[in-house]
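1. Quick one, what's the 3D model for this:
(chains A and B)
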Amino acid sequence: MAFAWEGLALDVNEDWAPTTISGKREAGYVKLGDGSHRAIQIRWQQIRGTVDLESRLRTYLKKLDGDSRKQKVALSYELEPTENGIAYRYQGAFSGRGFASAEIDPKRVVFAEVSSNRSERLSNQHRKLLSTLRSCTSEENELWSVLGLTVKLPLGCIPAKREFVSGKTRVIWRLDRSGIEAQRWGLAAQLLAKHTLAEWAQSVTRLPVVSATEDHAVLESKSWYGARQMAVVRYQEDRNQLTLVQVSSRRESLRPNEAWIG
Amino acid sequence: MDWMKRLWRGGKRPLTNAEMAKARPLRKPDIEWEQTDDGSIRILAPITGSKGVFMRYMAEKMKAPSHRTVELEPIGALVWKLSDGNHSVAAIAKQLQQNFGMNRLESEASLHAFLQMLGQRELIELKISK
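-> Here you go, the predicted model:
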């Protein structure tokens, strides 16, 4: 399963879930936890002019050293130049290893690390967790994937609102003057035990059904002033979940389709 | 002011996530339950009621029911069946993930809330290993 946010994707198993998501396309931060004392942290920042990765890393490690010394443990660290940037590791009151690179996304510098809030020696295997970190922006669309909700959306979407509750993941994006909303509902088989997919989709979106099968539904309505609301719903039986993508727009070209649902 | 909060809670502190994962829920022994054909479970739990003499007298006089029925749908029923004191909360959460395709956060959050509800209704207790 991939976690994908703001153009960066990472393949991790589903034990890893986001605990912090902040910032935006230009600069942001994501922290994933697996329920233990370890975490994956990804920071990104837009490149302006030349980038001195080493000095940025040294500033970061100096700050960590200060934090570690508060717990009366000095921080030791190593930097190692690699093909794509600089790899680093540190150990003190807490430990981590990761890398800084300006190659993953040509417009941004990315810092990624696996860290532990204990003083332990993180192995290469831990660093391998980061080896799948990549850009997930193609020429036509961009992958977004969080807590089981996976969608491929047109370029330029800006997350406006997100809601992560047990059994339901919901994210709303803005794209110019249009709105795109995606929802992932867990326990689909239980939800559909007493209703058809079309009935369920209609009750969630409040839109009339255009076409529906057992695992797919399309809904659409148009207001008198030209605004259209369209939704595509898919029942993903293998993952026992329902994914819904809804678009509110006046743009005729912006129509959700099956390919949007990952 | 952690000690004040603890004092307020009668000396008990809330469980940490790690402690909660290791805890083993156990059904109260005096509770009868049966499984229905659709996979649900019907629980018949005694009403403990008020300890005051007057209230007990009034309850007897008014013929207040001595038991209450709680119905659990199949997901809750699985948790109930696994609450035998042998399965940890982490193991039950794993079972929910496998059986119902839930992700880790989803299963843990709903399981914790569900166990809290069962605990408040005095249907289960948590065995905590030191």
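
2. Where does residue A:55 fall, secondary structure wise?
-> helix A:53-70 (DSSP states H and E).

3. quick one: average pLDDT of that helix?
-> Summarised as a single mean, pLDDT over helix A:53-70 is 91.

4. I'd like the next helix or strand past it.
-> Helix A:53-70 is succeeded, C-terminally, by strand A:76-81 (DSSP H and E).

5. Buried residues in that next one, which are they?
-> Across strand A:76-81, burial judged by 16 or more other CB atoms under 10 Å in any protein chain shown covers A:77, A:79. (Each C-beta comes from the backbone N, C-alpha and C, glycine too.)

6. I'd like to know which elements that strand is packed against.
-> With contacts taken as 3 or more CB pairs under 8 Å, 6 or more residues apart in numbering or on different chains; DSSP states H and E, strand A:76-81 sits against helix A:53-70, strand A:85-91.

7. quick one: average confidence on that strand?
-> Here the average pLDDT along strand A:76-81 is 92.

8. That one pairs with which strands?
-> Partner strands for strand A:76-81, per DSSP bridges, with pairing direction: strand A:85-91 (antiparallel).

9. mind showing which ranges of the chain have poor pLDDT?
-> Just so you know, I chose chain A. Low-confidence segments of chain A (pLDDT under 70): A:1.

10. Chain B, not that one
-> Low-confidence segments of chain B (pLDDT under 70): B:1-12, B:49-51, B:130.

11. How about the residues of it by chain A?
-> Selection of chain B residues close to chain A by CB under 8 Å from any CB of the partner chain yields B:17, B:21, B:73-75, B:100-106, B:108-110, B:113.

12. try it again with 6 Å
-> By CB under 6 Å from any CB of the partner chain, the residues of chain B that approach chain A are B:100-106, B:109-110.

13. what's near enough to touch the residue in chain B positioned nearest to chain A?
-> Closest residue of chain B to chain A, CB to the nearest CB: residue B:101 (3.0 Å). Residues in contact with residue B:101 (CB atoms under 6 Å, 6 or more residues apart in numbering or on different chains) are A:239-240.

14. just to revisit the earlier point, buried sites along the helix holding residue A:55?
-> So helix A:53-70, judged by 16+ other CB under 10 Å, has buried residues A:53, A:56-57, A:60-61, A:64-65, A:68.

15. and of those, the nearest to chain B?
-> residue A:68 (22.8 Å).

16. ok, how many other residues are close to residue 23?
-> No chain in the question, so chain A it is. Residues near residue A:23, counting by other CB atoms under 10 Å in any protein chain shown, number 15.

17. Sorry, I should have been clearer: chain B.
-> 18.

18. hey, what's the nearest residue to it once chain neighbours are set aside bridged with?
-> Excluding its sequence neighbours, the residue lying closest to residue B:23 (CB to CB, 6 or more residues apart in numbering or on different chains) is residue B:126, at 4.5 Å. Beta-bridge pairing for residue B:126 (DSSP bridges): residue B:25.

19. can you count the residues close to residue B:126?
-> The burial count for residue B:126: 18, using other CB under 10 Å.

20. And residue A:50, by the same measure?
-> 6.

21. which SSE is it in?
-> Residue A:50 belongs to no helix or strand, assigned by DSSP H and E.

22. Let's verify the residue sitting nearest the centre point of chain B: helix, strand, or coil?
-> Closest to where the C-alpha atoms of chain B average out (CA atoms, centre = their mean) is residue B:118, at 2.6 Å. Per DSSP: H, G, I helix; E, B strand; the rest coil, the secondary structure class of residue B:118 is helix.
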